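1. Okay, sequence plus prediction incoming.
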Amino acid sequence: MPRVGVFICWCGTNIAGTVDIETVVETARNFPGVVHTADYRYLCSEIGQDLIKEAIKNEKLEQVVVGTCSPRMHESTFRKAVAEAGLNPFLLEVANLREHCSWVHQDKTEATAKAIALLRAAAAKAVLNAPLIAPRLDVEKRALVIGGGIAGIQAALDIAEAGYPVDVVEREPSIGGRMAQLEKTFPTLDCAACILTPKMVEAAQHPQINLLTYSEVEEVKGFVGQFDVKIRQKARAIDATKCTGCGVCYEKCPTKTESEFEMGLAKRKAIYVPFPQAVPNVPVIDRDNCLYFRKGRCRICEKECPPQAVYFEQQDQILERRYGAIVVATGFDQLNPVEYGEYAYGQHPDVLTSLEFERFFNAAGPTGGKVVRLSDGKPPRNVVFIQCVGSRDKARGMNYCSKICCMFTAKQAILLKEKVPEARSYVFYIDVRTAGKGYEEFQRRAAEQYGVAYLRGQVGKVFPDGDRLTVKGVDSLSGKTIEIQADMVVLAAASVARGDAAQVGRVIGINSDQYHFFNEAHPKLKPVETHTAGIFIAGACQAPKDIPDSVAQASAAAVKAVGLLAKEKLQGEACTARVDQSGCSGCLYCEAVCPYGAISAVQIEEHFRGEKLTRIVAEVNAALCQGCGSCTVACRSGSINLQGYTNAQILAEVDAICL
Amino acid sequence: MKQTENHSRFIEEMKERSGQDPACCLQCAKCSAACPVSAVMDLLPHQVIRYLQLGFTDEACKSKTPWVCASCFTCAARCPRDLDLARMMEGIRLVALRRREGNRLNPGELTPEQLKQLPQQALVSGFRKYTK
Amino acid sequence: MRYRYFPGCTVKDQAKNMEETTLAAAAVLGIELEEIPEWQCCGAVFPLYEDEVITLLSPVRTLAKAAGDPVVSLCAACHHILKRAQEVMQRNAEARRKATDFLEVEYDGQGRVLHFLEVLRDDYGFARLGQTVKKPLAGRKVAAYYGCLLLRPSKVMQFDDPENPSIMEEFLKALGAEVVTTPYRTECCGAYLSVTQKQVAEDTVAKILNSAERAGAEVIITACPLCRYNLENCGRTAGKRMPVYYFSELLAEALAVAGTAAVEAGEVRPG
């Protein structure tokens, strides 16, 4: 029987307030193998750690049990302490007396009994603990950034500046993302393109950055330091090495279709670049609309292209590459408010979403930069902005606040006043939220200097009546209902996760919340990490976010990625599965259930009664195994054990509690 | 205005019987904007809920609003917090009616012409809604 | 196509022409409406406080009598109450136990509860109706007015999109009429306020009729007797003269149903 030491933490009053420490210590003294017990107010403090280290030396302890907070908090602290005292760090067992006991119970007698049971189980397991050594793994010194919006561009630039090569995968034909669609940015009213396009160009020209536009990630395998990724580079039907970006092809193309970049408010050609400052400035043929791809004739672009760059036969390419770290920055969508029938969106051309309205201000936009009604081409007099369309709405929309709408509405109201001085803006809001540097001042400027009328309340219904829109709303501060004859209505529709975010998350191997925004590993302390080591998130794919926040988060994610790439070797998982090949029947159920592809079949030779036999057994690749334990459950003969959590150890714990 | 004594009991009863909790209202006032008959209300629908939130339940019961409410369900259809205001208004009406605080529709006040022309269904439901 | 038919008090008296025209049209279409014997009141109001079980008894009695066969009604109020009572029976076990124990019936919320328009849309089909029409209402500019009770609450009524319904417009198209859409078609007409606060009902009705008029409508249709009463009476005092019909009156006209007053007079008689 190894010599076991048990150490109980009071955690101030967190544990000691509900658990009778003295009784626990007294009882633990009689557990099998226990030769030493101690308790301390804060075991995680340096004094507390020293207490453990000295006891290991003085009492010649071979196994250590600590009764403390969750192992998620301080397991690594105590493992290091144990290692400093000369023991293998895996000869430490944590009994969670706080989250699993004192925090969830009120009755002291019951909590004390439970604490004793938890400790007895931990001690029973500890005597079976064996030293483990974590493998050292290589790090591929290259990063992948998924998404080429402002967050993805910033992350890529920061990683590249740190000296590591980066591939940026962007689904659209150009990088730029949502920010490229904006005319101005709050609260400074900078022209969005003027501050974004230099970054786009910088990314394109950076020797360490490789832009893979019109491409999508199809598969991510492997693990931190060694992600094996399959990327589909969709065929543009253009030889990018020949194309000069002269634009003759899309001038001559006879087929028009709705422009995604212009939110369907303008047409583009079947061969197109999404917007004038596109990077790369290489067109794409949209095969769903191209006459040649649909009907086998036309080829005008091919004939007209001066450098003969049109290449209809071009096929999708699959690029397979290994990356050490991944930054996910796939952005967001704006909710389609068509379900809010009371706002007449989709029934009247002068009811728009804010993103659609934004394009009216842009010189290259659907109206050439003029703010006019789509119904009759006249400039609007009264424009009603409706906030929280689908935000803070648990009935039909999203329960959360979309965070950016108060500000972009103030911005659009200001821009409107500048474009159409006689126009009057009305903003129906529930609360005005302007937390951000310079934000409150900006919003007040809209109200005070630009005469934007803020009405605290909502709109009941928009009635398209005659050639105007009758907006029936309420101002709750005066307690009066109000009817406005509006010329345009702009809906601040909720910021939502991309429609395929859940699917993308599955491919990449990260999880998302109920709204399909990607989950950070900890809401406060790990805001850019995911639960998958080596994969980081940035920008509005994590939650609605404005540009400064997205950029800051992107730089944070880049630092995390660089920190990883800078490591010589990574410490792998020590608690991996191991096959006892003598008992393995070679059924390979374990191989089928392994989510990491870490198990494979091998042929072994055996001598049986003088004969040489060969048979198939399972083998675990410790570098790939993440220690999930699925195989140990699937194994019918109990021949796979998860090291650190062997069947014998789990049973010992169960016995200690139940017998 | 003073909080009504026992206002929390009133609210608890309303929560239990109508499934509607005034605390869930964030006072966006969309109900008031949607209400087709708000013009003759002394309190707008969202103000009635505000009174309930603040514990002014007696004042809410004294308001004309619940008696003006036609149960057209427009407010409930558009409420972003999924609150059914029509049920809450009914709750207030019932408290008053069950206390026998007087009927709100007097048969004697109907003109012979109304009695002749009003759909039977509306007459019966009017009396069911506004009298005990 | 056979249905159990719940008329309710109003279509036997004030809204007699809704029943007459519907029954005549149904006969032509081969839709059998078998009147539930000894039917009683629909309940008149739907109890919004769920401890009011007594008001539920009447509709539950009707639903139990139908014993799971589809129940059809014409009056929007009757349909609203039957449909919502059924939903309570499906959802609230306590109310179900109290109501069925009291009535000594078996009922657990089964069976379809339909408005006649739903029968036309979902079972008979508007396309088929269009082919059956003998005298299309060509050139007649008709607006549909839905009111509240058929549409809301939409999760229970499941009649149509509560803000942008289309069933009546599709119905009118099948009859060959020229459909006029008014944005106020789902706004409340003022309901009982026409009795207690007439001015309010007059204002709401004026909005509805004005917008229908501006949109070019000559006629407006409804399926609710109270809506019709308000549109006509409050409309008259507000100086509006747009004829208001029940949907079924136009149906009978388009099917050239003999025996209805409307067709024999050579026009559909308003009121």
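-> Perfect, thanks for sending it. Numbers count the residues shown, from 1 in each chain, chains lettered A, B, ... in the order given.

2. roughly how far apart are the residue nearest the centre of chain A and residue A:318?
-> Chain A has residue A:518 as the residue nearest its centroid, 3.5 Å off, counting by C-alpha atoms, centre = their mean. Relative to residue A:318, residue A:518 is positioned 25 Å away (criterion: C-beta to C-beta, to the nearest Å). From N, CA and C alone the C-beta is placed, and that goes for glycine too.

3. One more: residue B:20?
-> Residue B:20 sits 56 Å away from residue A:318, going by C-beta to C-beta.

4. Neighbour count for those two, which is higher?
-> Remark: of residue B:20 and residue A:318, residue B:20 carries more neighbours, 27 against 11, as counted by other C-beta atoms under 10 Å in any protein chain shown.

5. can you list the weak-confidence ranges in chain B?
-> B:100-102, B:132 (pLDDT under 70).

6. which parts of stretch C:209-219 are buried?
-> Of all the residues in stretch C:209-219, those buried under the rule 16 or more other C-beta atoms under 10 Å in any protein chain shown are C:209-213, C:215, C:217-219.

7. quick revisit: show me what contacts the residue nearest to the centre of chain A?
-> With contact taken as C-beta atoms under 8 Å, 6 or more residues apart in numbering or on different chains, residue A:518 is in contact with A:328, A:501, A:505, A:510-512, A:530, A:537, A:541-542.

8. could I get those residues as TSV with secondary structure?
-> Listed next are the contacts of residue A:518 as TSV, based on DSSP: H, G, I helix; E, B strand; the rest coil:
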residue	secondary structure
A:328	strand
A:501	helix
A:505	helix
A:510	coil
A:511	coil
A:512	strand
A:530	coil
A:537	strand
A:541	helix
A:542	coil
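
9. Okay, helices next: where are they in the stretch 101-250 of chain C?
-> Using DSSP state H, counting those that start in this stretch, the helices of the stretch 101-250 of chain C run over C:116-118, C:126-132, C:154-157, C:167-174, C:193-196, C:198-214, C:225-237, C:247-254.

10. Between these, which one is closest to residue A:81.
-> Ranking those by distance to residue A:81, with C-beta to C-beta as the measure, places helix C:154-157 first at 58.4 Å.

11. With just CA atoms, put that closest one into PDB.
-> Provided in PDB are the C-alpha atoms of helix C:154-157 (Å, rounded to 0.1, in the frame of the first residue of the first chain):
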ATOM      1  CA  SER C 154     -51.900  32.700 -34.300                       C
ATOM      2  CA  LYS C 155     -50.200  29.900 -32.400                       C
ATOM      3  CA  VAL C 156     -53.600  28.600 -31.400                       C
ATOM      4  CA  MET C 157     -55.800  29.600 -34.300                       C
END
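
12. Now do that helix: which elements does it pack against?
-> In this structure, helix C:154-157 makes packing contacts with helix C:76-91, judged by 3 or more C-beta pairs under 8 Å, 6 or more residues apart in numbering or on different chains; DSSP states H and E.

13. now the helix it packs on against helix C:225-237, angle please.
-> Helix C:76-91 and helix C:225-237 meet at an angle of 150 degrees, taking axes from the mean of the first three to the mean of the last three C-alpha atoms, to 10 degrees as the criterion.

14. No more questions from me, cheers.
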